[in-house]
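Q: the sequence and its predicted three-dimensional model are supplied below.
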Amino acid sequence: MTKQLLIFFLLLLVPNIAFGASDDLLDVFSTRPDLQAAFDAETLQAIPGTAAGFLIDLEDWASQYGWQTYAELVDYAPVVAPANPSIHTYPEPQIRSLHYVVMDDASGQILAAKDAAAEWPIASLTKLVTTKTALDYGLDVGGKGTVLNIDNVGGARLMVDDGTLFTIRDLLYATLVGSANNAANAIARLTGYGQETFMGYMNAFATSLNLSHTYFVDPTGIELGNISTAREVAYLAHEVFEQDNIRRMVGTSRIHIEALNDTSYIRDIKNTNWLLYDPAYDEVYVTAGKTGYLDESGWNLVVRMHPMGESEDKSVLIVLLGSEGRRESFDDAHTLADWAWNNFDWNRE
């Protein structure tokens, strides 16, 4: 069975899939040559290299822009009113990362973007979808599981012997907080599905969101074939962070884990996301985030945060791909967040 056919059948099992634009949106599309040049007439997906820019598909255009122009597209308006440009405007900051997106998390509106439609290896950001898929498809969160030698693929890992036993909870935290590759492979394996089927579920999730530039080839993110775009990562993260259990894990600054069959293995692991605890970022409150790194991709980051001591109504979701250094990625995210909070009116009344 080809991967494409496998994904098609798996899509039938993915809940809450909604395909197809509304008749009103299709009517607007039929009258707009500029939209017809930017979105494929059959799939309605964005055509690379056109004015579609960072947009994913025609419905994404409607939810970002169309509803503001056409009364008949009101159903595409964000449920929460988007942040509005302030009368005090500040220049968009100079950011060193190659690709970025700044999203108003409550409404899903894009506030700023740079080269956000370019495909890029996303490294360990992959683990967000790995974890969601494992939880959605039968992982026994209250159970126990082993880390095996076959789970080792290099990169960050739990330094344990073959067959070391942990609670599933500890393996999940090790995957998302410590970004341990062997923990990620273990939780995928412990669902009971073979890797091809498990990857099919991950890709079916991306396909269900119409993310045509997102593809996964392994659960850890260590392979260069795990690709997406800054815009599509923002879309994925916005969905994944809706799950309370995942949001709780990716907002945890430090974890304590213990092997169940090796009394000598007791570890405290810091989150790879310095924004959670570094004093340089004390004025921001991070509620979720994940880092990723490969030599070929540089430092990648997705993070959701709001100003310390202020309402979550000001939460922004920021994606950075291709930063030159770890510190630079966090500094860039901090800079973009400050810009958004200063440049937009967050009164949603």
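A: That came through, no problem.
Q: relative to S22, how far out is I95?
A: Distance check for I95 against S22: by CB to CB, to the nearest Å, it reads 36 Å. For the C-beta atoms, the positions are set from N, CA and C on the backbone; glycine is no exception.
Q: of these two, who's got more company?
A: Using other CB atoms under 10 Å as the criterion, I95 and S22 rank with I95 on top: 20 against 14.
Q: work out for me the element the more buried one sits within.
A: For I95, there is no helix or strand it lies in under DSSP states H and E.
Q: with the one 5 residues further on instead?
A: Assigned by DSSP H and E, Y100 falls within strand 99-104.
Q: again with N300
A: Using DSSP H and E, N300 falls in strand 298-307.
Q: next SSE after that strand?
A: Next element after strand 298-307 (DSSP H and E): strand 316-323.
Q: which other helices and strands contact that following strand?
A: strand 99-104, helix 230-240, strand 298-307, helix 326-343 (3 or more CB pairs under 8 Å, 6 or more residues apart in numbering; DSSP states H and E).
Q: next, format those as JSON lines and append distance to A83, mean neighbour count and mean pLDDT.
A: Putting these into JSON lines (distance: least, CB to CB, whole Å; neighbours: other CB atoms under 10 Å; pLDDT from 0 to 100) gives the following:
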{"stretch": "strand 99-104", "distance to A83": "5", "mean neighbour count": "26", "mean pLDDT": "97"}
{"stretch": "helix 230-240", "distance to A83": "15", "mean neighbour count": "24", "mean pLDDT": "97"}
{"stretch": "strand 298-307", "distance to A83": "12", "mean neighbour count": "25", "mean pLDDT": "98"}
{"stretch": "helix 326-343", "distance to A83": "8", "mean neighbour count": "20", "mean pLDDT": "96"}
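Q: which one, of those, ends up nearest to D136?
A: Closest approach to D136 among the helices and strands packed on strand 316-323 (CB to CB): helix 230-240, 10.6 Å.
Q: elements contacting the helix or strand following the closest one?
A: Counting by DSSP H and E, the next helix or strand C-terminal to helix 230-240 is helix 244-250. Secondary-structure packing of helix 244-250 (3+ CB pairs under 8 Å, 6+ apart): helix 126-136, helix 168-176, strand 284-294.
Q: after the first one, next one along is what?
A: Secondary structure here is assigned by DSSP H and E; on that basis, the next helix or strand after helix 126-136 toward the C-terminus is strand 144-147.
Q: partners of the residue nearest to N210 when sequence neighbours are not counted in the sheet?
A: Distances taken as CB to CB, 6 or more residues apart in numbering put D57 closest to N210, at 5.0 Å, once the chain neighbours are dropped. Here D57 sits in beta bridges with Q45, going by DSSP bridges.
Q: could you measure from the residue nearest the centre of the chain over to P85?
A: The residue lying closest to the centre of the chain (CA atoms, centre = their mean) is A237, at 2.9 Å. As for A237, its distance to P85 is 24 Å (criterion: CB to CB).
Q: what of S63?
A: The separation that S63 has from P85, given CB to CB, amounts to 18 Å.
Q: low-confidence ranges in the stretch 201-349 of the chain?
A: 349 (pLDDT under 70).
Q: can you list the helices and strands packed on strand 316-323 in JSON lines and add distance to M202?
A: Formatted as JSON lines, the helices and strands packed on strand 316-323 follow (distance: least, CB to CB, whole Å):
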{"stretch": "strand 99-104", "distance to M202": "21"}
{"stretch": "helix 230-240", "distance to M202": "10"}
{"stretch": "strand 298-307", "distance to M202": "16"}
{"stretch": "helix 326-343", "distance to M202": "24"}
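Q: what's the closest of the ones you listed to E223?
A: Short answer: strand 298-307, nearest of the helices and strands packed on strand 316-323 by CB to CB, at 14.2 Å.
Q: and the closest one, what does it pack onto?
A: helix 230-240, strand 284-294, strand 316-323, helix 326-343.
Q: one step back: who does the strand holding Y100 pair up with?
A: strand 110-114 (antiparallel), strand 316-323 (antiparallel).
Q: how close does the closest residue to L98 other than its chain neighbours get to I122?
A: Using CB to CB, 6+ apart and skipping the chain neighbours, the partner closest in space to L98 is G322 (3.3 Å). To I122, G322 is 10 Å away according to CB to CB.
Q: what about the residue nearest to T335 when sequence neighbours are not counted, how many neighbours?
A: Nearest non-adjacent residue to T335, counting by CB to CB, 6+ apart: P93, 5.0 Å away. For P93, the count of nearby residues is 13 (other CB under 10 Å).
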